[in-house]
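1. I'll drop the sequence and a predicted model, then ask my questions.
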Number of protein chains: 2
Amino acid sequence: MAELDAEQQVLDRIEKARRRKPKVKEERITLAHGSGGKATQTLVEAVFLEAFRNEVLEQLEDGAELAVDGGRLAFTTDSFVVSPLFFPGGNIGDLAVNGTVNDLAVSGATPRYLSAGFLIEEGFPVADLLRIVESMATAARVAGVEVVTGDTKVVEKGKADGCYINTSGVGVLRTGHRLGVRTARPGDAVLVSGPIGDHGVTVMLARGELDIDSDVVSDTAPVHGLVADLLTAVPEVRALRDATRGGVATILNEIAQAAQVAVVVDEAAIPVRTEVRGASELLGIDPLYVACEGRIVAVVPGGQAETALEAMRAHPLGEQAALIGRIGDDPPGLVLLNTTFGGTRIVDLLVGDPLPRIC
Amino acid sequence: MAELDAEQQVLDRIEKARRRKPKVKEERITLAHGSGGKATQTLVEAVFLEAFRNEVLEQLEDGAELAVDGGRLAFTTDSFVVSPLFFPGGNIGDLAVNGTVNDLAVSGATPRYLSAGFLIEEGFPVADLLRIVESMATAARVAGVEVVTGDTKVVEKGKADGCYINTSGVGVLRTGHRLGVRTARPGDAVLVSGPIGDHGVTVMLARGELDIDSDVVSDTAPVHGLVADLLTAVPEVRALRDATRGGVATILNEIAQAAQVAVVVDEAAIPVRTEVRGASELLGIDPLYVACEGRIVAVVPGGQAETALEAMRAHPLGEQAALIGRIGDDPPGLVLLNTTFGGTRIVDLLVGDPLPRIC
C-alpha cells in the first residue's frame, strides 16, 4: 500500500511536470537553442513536441521505437555541424556515423542501417569530402552498419560552413529490453563508462582558442558493443544515454526530470583526465557539461551496480567505467553534486552555449 | 532463345555501363554537384557509392529496401535548402515532409515514420520556425505519417541561410511489388501524373529574379494516395519516381541509364502550364528540367498504359496525367525527344545548375 502511494506520488509529479506549458520567450533563435541545455529543451517542448505530438516522440528518448510488421525497430536522426571538421582523433565523418550508431545503441537496438545527407558549401575541397566519406565508410564497417541511402545538397558560398552531415539510423530492438530514463527509481546506481569531456575539449583546442598544447584526443567511438555486453550482464538496466552535447550533466538532468527523482553524484568519483580538467578550467566550464562522443551513462538497479561495472570494465571502451552516483527521491527533478570540498550544489541544465558546434 | 540472347545483351550493357569508373574532375564542390544532374551523378558514383558500396545503395533508388525481422521496409533521406523558405503554395516545412513521403511512396512503400533534423542559423525568427513546423505537422497529418524523432542544431549567423531541414523516412513495402528503374524494357509506356515544372518556376518567381506576375503555385503534395491507386489498378508497374531536382528529364535519363534502354518522349504530349512554359523560356531552361514536388513519372507495361492513365486521372493529383512516351531499345542509355517541330533531339542530364536551391 505504501509502495502504491509512493508510486502514485511519482506519477502525479511527472504529470504535473508535463502540464507546465513551456514557451520560447526569445524572438530569435540563439546559439543556446542548439546547446542541448535549457533553451534547447524549451524549444523542443514548446515548438516541436507541441506541433508533432505523438506517443513515440513524447518519450523524448535518443531513438524512437517503431512497431513495424510485428517487429520493434529504433529510428533516430542527428545533424553534425562540428567546427573544425577535422580534429585529433576523428572528423565530422566518423563522428556522424558513431553519433547515430550510439543513439541506436543506447536505445537498446542493434544498429543496422544509416542514411547520409550531405549539405556542402560551394567551393568545399573535393579532397576533404573524400577524407570525410572514407572515415564514414570505415566507421560504418567498424560498427557493422551499412549506409543504404543518401542525399547531397550544395549551397552557395557563405550559406554553410564547409560541410554539414545528417545521419539517420534504423536498428533492431532487442527483445525483452525496454529502456527509458523515466524508469529510473530511488536506489538505482548511476554509472559512466569512462573519462568524460575528451571530445569537447579536443574540439575546442583544435580551434586554437586556447593557447595550450595537449595530447587529448576525441573519444569518438561506437558504443554498441559495450552496450551489448552490459545488457547481457545486467538485463535489468533501466536507462542508457550517450553523453554528447551538454555532457553528462545534461543526461543526469534528463533522468531527474523524466523520472521526477533526485540524482545525487559524487564529484570525486567522476573520471576526468587531467588535461580535460585543466582545459575546462581555462574555458571556465565544468567538465560535467563537456561533450563526449564515446561514453555512456547507465542507470541500473542498485544491487546490480557491481555486475554492471565489471561488464563495462571488461570492454575496451569501458576500462575506466565508474559508479558516480545514486538515484534518490528528494528533491525530485534535480541533480545534486557532492563536491570534492565536502559541499553540495545543484547541477542545472546549461544556460547559454559555452561550447557551440562541438558535434 | 532469341529472348534469352536479347536479355543477355541488356545485362552485358548494364554491366559495361557499371564498369565505367567515374571520377570527380573538379578540385572544389560547385553548385552543379547539387543540381541532380551530371555532376551530382558523378559525385554520387565516384565518392559516395565508391566508399559505402553495398547492394542496397547500389540500386540508386529513391528509397533503400531494408530486410528487417522478416519484413520489408523502405528507408530514405532528403535535405531541404529551398530559397526562399516561403513561396506560393507552400514552404520548406511541407516540402520537407512531402518530399520524403514521396520518396517512400515511389519506392512502393506506405510512408509511416519521419525524422526531422533542423539546422538553424542564429538570429532566425522563432515565429518563422513556428510557421514552418506547423506546416510540417499539417503535411504529416495529411500524409498519415508521424514525426517520431528529431534533432536541432544552431550555427552562427552567416554559416547557414535561415533554416535547413533534413527529413528521413521509414515506410512499409507492399508485398508483391518490386519497383525499380532497372526493370524498364522496350515496349513499356512512360506516364507523368500532371503538369510539370510548377514548383521550380514558383520558387524562381518568388525570388523576384524575373519581373513577371504569375498565378502559378508549387505543386508540393504527398503522392502516396495516387501511387496506391495506381499500384492497385496496375500491379505490374515497373518503376515510379517523383520528378524533383533536375525535373522529368533527369528521371528519364535515370531510367535510360539504369535499364540501358532508349526512352522516347513526345514533346507535344508533355503537360506544361502556359505560365510555366513562359517563365521557363525567360529563364532559358526547358520545363523538362524544372522541379516538380507532387508529380510522378511511371513506367508501365505498354498494354497497361490506358488502365494506368485511368487510375491516375481518377485521383485528384492525377487529373491531368498523360502518356508522354515509350521505352525503346535503341540507342541504349539515351533519352530522345520528338519535338513539336517534327525533329528529334537528345535530352541529356543537366550540366551545371540553372536552378539552385529549388528544394
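-> Thanks, I have the structure now. Numbers count the residues shown, from 1 in each chain, chains lettered A, B, ... in the order given.

2. can you pull out the low-pLDDT segments for the stretch 251-359 of chain A?
-> The stretch 251-359 of chain A contains no residues with pLDDT under 70.

3. pick out the residue of it closest to chain B.
-> Nearest residue of the stretch 251-359 of chain A to chain B: residue A:357, at 6.4 Å (C-beta to the nearest C-beta). No exception for glycine: its C-beta is placed from N, CA and C like everyone else's.

4. what's the burial count for that residue?
-> Residue A:357: 22 surrounding residues under other C-beta atoms under 10 Å in any protein chain shown.

5. list the contacts of it.
-> Residues near residue A:357 by C-beta atoms under 8 Å, 6 or more residues apart in numbering or on different chains: A:81-83, B:153, B:155-156.

6. quick check: the farthest pair among those?
-> Pairwise distances across the contacts of residue A:357 peak at 13.1 Å for A:82 and B:156 (criterion: C-beta to C-beta).

7. returning to what we had before: which SSE is the closest residue to the residue of the stretch 251-359 of chain A closest to chain B other than its chain neighbours in?
-> Using C-beta to C-beta, 6 or more residues apart in numbering or on different chains and skipping residues adjacent in sequence, the residue nearest residue A:357 is residue A:83, 4.5 Å away. Using DSSP states H and E, no element contains residue A:83; it sits outside every helix and strand.

8. so who does residue A:109 touch?
-> Per C-beta under 8 Å, 6+ apart, neighbours of residue A:109: A:63, A:73-74, A:171-174.

9. in helices only, show me these.
-> Among the contacts of residue A:109, none falls in helices (DSSP state H).

10. show me which of the residues you listed neighbour chain B.
-> Checked against chain B using C-beta under 8 Å from any C-beta of the partner chain, those give the following subset in range: A:63, A:73, A:172.

11. roughly how far does the residue nearest to residue A:148 when sequence neighbours are not counted sit from residue B:99?
-> Leaving aside its chain neighbours, residue A:148 sits nearest to residue B:64 (3.7 Å; criterion: C-beta to C-beta, 6+ apart). From residue B:64 across to residue B:99, the span is 16 Å (C-beta to C-beta, to the nearest Å).

12. just to revisit the earlier point, mind putting the ones next to chain B among the contacts of residue A:109 into CSV with pLDDT and neighbour count?
-> Below are the ones next to chain B among the contacts of residue A:109 laid out as CSV (pLDDT from 0 to 100; neighbours: other C-beta atoms under 10 Å in any protein chain shown):
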residue, pLDDT, neighbour count
A:63, 87, 29
A:73, 92, 27
A:172, 93, 18
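
13. among those, which are in strands?
-> A:73, A:172 (DSSP state E).

14. now do the helices in the stretch 201-350 of chain A.
-> A:224-233, A:247-259, A:274-283, A:305-313 (DSSP state H, counting those that start in this stretch).

15. would you list those helices in a markdown table and tack on mean neighbour count?
-> What follows is those, written out as a markdown table (neighbours: other C-beta atoms under 10 Å in any protein chain shown):
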| stretch | mean neighbour count |
| --- | --- |
| helix A:224-233 | 21 |
| helix A:247-259 | 26 |
| helix A:274-283 | 17 |
| helix A:305-313 | 19 |
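
16. need those in a markdown table (columns: distance to chain B).
-> As requested, the helices of the stretch 201-350 of chain A are exported to a markdown table (distance: least, C-beta to the nearest C-beta, whole Å):
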| stretch | distance to chain B |
| --- | --- |
| helix A:224-233 | 16 |
| helix A:247-259 | 14 |
| helix A:274-283 | 18 |
| helix A:305-313 | 26 |
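
17. now those helices in JSON lines, with distance to residue B:292?
-> As requested, the helices of the stretch 201-350 of chain A are arranged in JSON lines below (distance: least, C-beta to C-beta, whole Å):
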{"stretch": "helix A:224-233", "distance to residue B:292": "40"}
{"stretch": "helix A:247-259", "distance to residue B:292": "42"}
{"stretch": "helix A:274-283", "distance to residue B:292": "50"}
{"stretch": "helix A:305-313", "distance to residue B:292": "52"}
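
18. tell me which of these sits nearest to residue A:181.
-> Minimum separation from residue A:181 across those (C-beta to C-beta) falls at helix A:247-259, 4.2 Å.

19. does anything pack onto that closest one? Which helices or strands?
-> Contacts defined by 3 or more C-beta pairs under 8 Å, 6 or more residues apart in numbering or on different chains; DSSP states H and E place helix A:247-259 against helix A:2-19, strand A:189-192, strand A:239-242, strand A:262-266, strand A:296-300, strand A:322-328, strand A:335-338.

20. on that earlier part again, help me confirm that the residue nearest to residue A:357 comes into contact with residue A:204.
-> No - the criterion here is C-beta atoms under 8 Å, and residue A:83 misses it with residue A:204 at 10.3 Å.

21. what sits against residue A:242?
-> By C-beta under 8 Å, 6+ apart, residue A:242 lies in contact with A:62, A:99, A:102-103, A:105-106, A:223, A:292-297.

22. between those residues, which has the most around it?
-> Most surrounded of the contacts of residue A:242: other C-beta under 10 Å gives residue A:102, at 34 neighbours.

23. so which strand or helix has that one?
-> helix A:92-106.

24. could you export stretch A:258-266 as CSV, CA atoms only?
-> In CSV, the C-alpha atoms belonging to stretch A:258-266 read as follows (Å, rounded to 0.1, in the frame of the first residue of the first chain):
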residue,chain,number,x,y,z
ALA,A,258,11.8,12.4,-16.8
ALA,A,259,11.5,10.2,-13.7
GLN,A,260,10.9,13.0,-11.2
VAL,A,261,13.7,11.7,-9.0
ALA,A,262,16.8,13.2,-7.4
VAL,A,263,20.1,12.3,-9.0
VAL,A,264,23.0,12.5,-6.5
VAL,A,265,26.5,12.3,-7.9
ASP,A,266,29.9,12.4,-6.2
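
25. name the surrounding residues that touch it.
-> With C-beta under 8 Å, 6+ apart as the criterion, stretch A:258-266 contacts A:10, A:13-14, A:17, A:60, A:180-186, A:190, A:252-253, A:255-256, A:324-338, A:347.

26. give me the buried subset of the residues you listed.
-> A:10, A:14, A:60, A:180-182, A:184-186, A:190, A:252-253, A:255-256, A:324-328, A:332-338, A:347 (16 or more other C-beta atoms under 10 Å in any protein chain shown).

27. please name whichever of the helices and strands packed on helix A:247-259 is nearest to residue B:48.
-> strand A:239-242 (26.0 Å).
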